[in-house]
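> next input, structure requested:
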Amino acid sequence: MTPHNVEADTHVYDYIGQAIRSVAPWEKDSHDARMAAGLLVYRNNVRAAFLNALRDSFPVIHRLVGEEFFRYLAHEYFHAYPPSSPLVAKYGHHMPEFLETFEAASSLPYLPDTARMELAWLSAYHAAEADTLQPAEFLLRLSEAPETARIILHPSIRIIQSQYPVHTIWLHNKCERAETLKLPNSGERIVVKRPAHTVYTEVVAEGVFNALAAIAQGRHVDEVCQVLGEGDEYSLADILQDIAAMNIVTAVQAPA
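Now for the predicted structure:
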């Protein structure tokens with residue numbers, strides 16, 4: 001169990017206390033008790049806002065563990081990772097790391113990667129807009145410099161690799177499906193994307209995943225080929241065809 005951090009609590013509420021004191025209509029010396037009571041109310045309201053933000057950001061984890069356990073989980077997370085900013089909507093990015101060491105959830109080892117999946121979805125949803133190349137146009141531009149070109153992915157692209165069938169678990173609970181969940185026997189490699197106005201997720205083959213990881217690192221096509229090695233399921237040409245069909249490429253940069 002993560003211990004409470006009283007000093008962290010004090011740090012979290014510093015900016016709240018300052019705001020209250022700056023607008024308080026009462027005199028500090030004569031109404032210390034009222035000020036303390038008002039600060040307590042604000043603290044409780046702020047805590048509730050951040051805990052509600054966690055529920056909104058991690059709806060699948062909330063569904064997996066239930067309301068009571070999630071309240072406990074969120075409460076412990078709040079103390080382990082106190083907010084450093086009043087921007088409530090961005091709170092929770094340490095959730096995967098927290099769940100990896102949260103003893104009370106140790107019987108659910110897929111939860112950290114589920115949290116990564118939820119964060120990837122949110123990050124893709126809020127990513128910048130960009131136009132993507134049609135598959136034929138992408139492949140045409142790539143053919144002009146087939147080895148030395150660099151492929152630029154849409155800003156929303158997020159990739160996750162898990163030893164657990166996280167995408168299957170996440171999708172089943174995200175859609176609140178009632179039927180019995182049938183899990184694959186292996187982990188999954190996932191791409192999260194939002195090429196237009198809707199976030200999409202899909203499980204991809206190892207070769208496609210490895211290629212996207214290399215492309216995201218800025219490697220040119222020849223280097224991507226080296227990353228794939230001999231053990232990958234598809235040839236580079238097949239992988240590039242799959243990437244073209246995903247509608248996630250915004251540009252092909254020829255060498256200077």
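> can you pull the contacts of the nearest residue to residue 148 once chain neighbours are set aside?
What sits nearest to residue 148 in space, not counting adjacent residues and going by Cβ to Cβ, 6 or more residues apart in numbering, is residue 255, at 4.4 Å. Yep, even glycine has a C-beta here, placed from its N, CA and C like the rest. Residues near residue 255 by Cβ atoms under 8 Å, 6 or more residues apart in numbering: 145, 148, 149, 220.
> sketch out the low-pLDDT regions of the stretch 1-150 of the chain for me.
Along the stretch 1-150 of the chain, segments meeting pLDDT under 70 span 1-46.
> helices along the stretch 1-150 of the chain, start to end?
Per DSSP state H, counting those that start in this stretch, the stretch 1-150 of the chain carries helices over the ranges 6-23, 32-57, 59-65, 67-80, 95-101, 111-125, 135-143.
> just give me the neighbour total for the nearest residue to residue 186 once chain neighbours are set aside.
Closest residue in space to residue 186, ignoring its immediate chain neighbours: residue 165 at 7.2 Å, by Cβ to Cβ, 6+ apart. Around residue 165 there are 21 other residues, counting by other Cβ atoms under 10 Å.
> now residue 165: phi and psi?
phi -80, psi 60 (degrees, to the nearest 10).
> ok, residue 82 next?
Dihedral angles (degrees, to the nearest 10) for residue 82: phi -60, psi 150.
> of the contacts of residue 255, keep whichever come out buried.
149, 220 (16 or more other Cβ atoms under 10 Å).
> now for the contacts of residue 255: which two are most distant?
The distance between the two most remote of the contacts of residue 255 (Cβ to Cβ) is 8.6 Å, for 145 and 220.
> count the neighbours of residue 236 for me.
Close neighbours of residue 236, defined as other Cβ under 10 Å, add up to 16.
> looks like it contacts residue 226 (just checking).
No - using Cβ atoms under 8 Å, residue 236 makes no contact with residue 226, being 10.0 Å away.
> OK, contacts around residue 184?
Residue 184 neighbours (Cβ under 8 Å, 6+ apart): 165, 168.
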